[in-house]
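1. need a structure here:
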Amino acid sequence: MQSTLLLVWLVCFCAADSPNYDNTHFCPIPEMAQQGATEEPESQHPWLVRVVHAPSNATDMAPLICTGAVLADRVYITAARCIFSAKADYTTVIYSGHQLSVKAFVFPAQPTNQMFDDVGFIVSWWKREIKSFHTITLALERRLDDNSFDFFDDLAVNDSTLLGFIASKDSPSTHTLYRLDNMHASNEVCHELYPSGGGGGGAYRVPCAHSCRAAEQRAGSAPCGRLLLGLGHVLVDRSARLLGLVTWSCANAPTARRRSHDMPLPLGLALPNTKASQLNYDCAIAIRNLKVDYDKLTRGTHKSACDNIYNAAISG
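-> Here you go, the predicted structure:
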């Protein structure tokens, strides 16, 4: 069973063989950019959050590092890459205008079959002003085999929507929510549009999302020029259920797009329906429910809250 690493408080329990989510592959962390996306009122999607690498009492909410979504009270999902090298007590979750201090991060300790990255979870401290949280539901059923994405072949969602925050370059504390409709999500779109190292066909047969189908891109269809880049951007189906989160992107920097006639390439997705991600979510809930004051935290406090969850999975 996949082990889990907790980056909690100021203490980092980093294993020597932990993957570097900042550079797990030649595909870099997606830069924030949009082309053809539309601004969206944040109130339309109250379960969305912004993750900022600044303390919650800061007046300057920058830099924005990713988008995320609320899965349960004080528990948020995002791309593991977003929080891997962040410091928990120097990170803020902005939910519905509230700046929430972070209690813990939960993310995979070992490379996974999510292709370069996986989902991660954030647990925030309680805030009296928030009586309840708006949450998002998952669109995908928990799968039995974490080593295969075959189930995504049957999905081929053609009318999904990508949602994500982008920070203003002139005013980094200003974050605007954008949406990109009519997204195509499948295993094939990256496979067909990303060239393999050996030539003659793609190699990336994993869940991806793009503003059009591969055939439309090859035909130069105008909708294929749309893009919305940013780590942790949330892909939802027509019922606003969570399909996946953006975690990697190749050849979408401005210079790279110019080389490809300004045509963006697909975005890699991390899916939240693995057995491992369910264990990590259960761990996040256990940490949320752990009643220990901040000033009484010691090394391993939060990790110990999850020992029974992972031990049971291993023994089972």
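
2. what mean pLDDT does stretch 163-175 have?
-> Averaged across stretch 163-175, pLDDT comes to 93.

3. Likewise for stretch 180-191?
-> Here the average pLDDT along stretch 180-191 is 91.

4. That one: end-to-end distance?
-> This stretch, stretch 180-191, spans 22 Å end to end (C-alpha to C-alpha, to the nearest Å).

5. Contacts for that stretch, please.
-> 34, 36-38, 149, 152-153, 155-162, 201-214, 223, 226-228, 235, 243-244, 265-266, 268-269 (C-beta atoms under 8 Å, 6 or more residues apart in numbering). (Glycine included, C-beta is placed from N, CA and C.)

6. And what about the closest residue to L243 other than its chain neighbours, helix, strand or coil?
-> In space, and not counting its chain neighbours, L243 is closest to L235: 4.5 Å by C-beta to C-beta, 6 or more residues apart in numbering. Under DSSP: H, G, I helix; E, B strand; the rest coil, the three-state class of L235 is strand.

7. Verify the stated contact: L235 with L228.
-> No. With contacts counted by C-beta atoms under 8 Å, L235 stays clear of L228, the gap being 10.1 Å.

8. tell me, what's touching the two both at once?
-> When C-beta under 8 Å, 6+ apart defines a contact, the residues bordering L235 and L228 alike are L162.

9. Tell me which strands the one helix or strand V51 maps to pairs with, and in which orientation.
-> Remark: V51 resides in strand 48-52, with elements defined by DSSP states H and E. In the sheet, strand 48-52 lines up against strand 64-72 (antiparallel), strand 92-95 (antiparallel) (DSSP bridges).

10. If you average the pLDDT over that strand, what comes out?
-> 97.

11. chain center to it: distance?
-> Distance of strand 48-52 from its chain centroid, counting by C-alpha atoms, centre = their mean, to the nearest Å, is 11 Å.

12. before we move on, what about stretch 274-290?
-> Here stretch 274-290 is found 16 Å from its chain centre; the criterion is C-alpha atoms, centre = their mean.

13. same thing with stretch 63-71?
-> Per C-alpha atoms, centre = their mean, the centroid offset for stretch 63-71 relative to its chain is 8 Å.

14. how long is stretch 215-229 from one end to the other?
-> End-to-end distance of stretch 215-229: 22 Å, with C-alpha to C-alpha as the criterion.

15. And for I65, the neighbour number?
-> Neighbour count of I65, defined by other C-beta atoms under 10 Å: 25.

16. give me the number of residues near A219?
-> Considering only other C-beta under 10 Å, A219 is surrounded by 10 other residues.

17. Report the buried residues of stretch 307-316.
-> Residues of stretch 307-316 classed as buried: 309-310, 313 (neighbour count, 16 or more other C-beta atoms under 10 Å).

18. my bad, should have said stretch 122-142
-> 122-124, 133, 136, 138-140.

19. I'd like the average pLDDT over the strand or helix carrying H302.
-> Using DSSP H and E, H302 sits within helix 301-304. For helix 301-304, mean pLDDT rounds to 76.

20. C-terminal to it, what's the next element?
-> For helix 301-304, the succeeding helix or strand toward the C-terminus, using DSSP H and E, is helix 307-315.

21. Report the next helix or strand after the lowest-mean-pLDDT helix or strand in the chain in sequence order.
-> Here the helix or strand of the chain ranked lowest by mean pLDDT, DSSP states H and E is strand 11-12, holding a mean of 29. Later in the chain than strand 11-12, the nearest helix or strand by DSSP H and E is strand 33-35.

22. after that following strand, next one along is what?
-> strand 38-39.

23. Listing partners with orientation, what would you give for that following strand?
-> When DSSP bridges is applied, strand 38-39 pairs with strand 175-186 (antiparallel).

24. tell me which residues in the strand it pairs with are buried?
-> By neighbour count on 16+ other C-beta under 10 Å, the buried set for strand 175-186 is 175, 177-180, 183-186.

25. Farthest-apart pair in those residues, please.
-> H175 and S186 (29.7 Å; C-beta to C-beta).

26. Now the strand holding V51 - C-alpha only, PDB.
-> Backbone C-alpha positions of strand 48-52 (Å, rounded to 0.1, in the frame of the first residue of the first chain) are rendered in PDB as follows:
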ATOM      1  CA  LEU A  48     -13.500  26.900  -4.800                       C
ATOM      2  CA  VAL A  49     -10.500  28.100  -2.700                       C
ATOM      3  CA  ARG A  50      -7.300  29.900  -3.400                       C
ATOM      4  CA  VAL A  51      -4.100  28.700  -1.800                       C
ATOM      5  CA  VAL A  52      -1.600  31.500  -1.100                       C
END
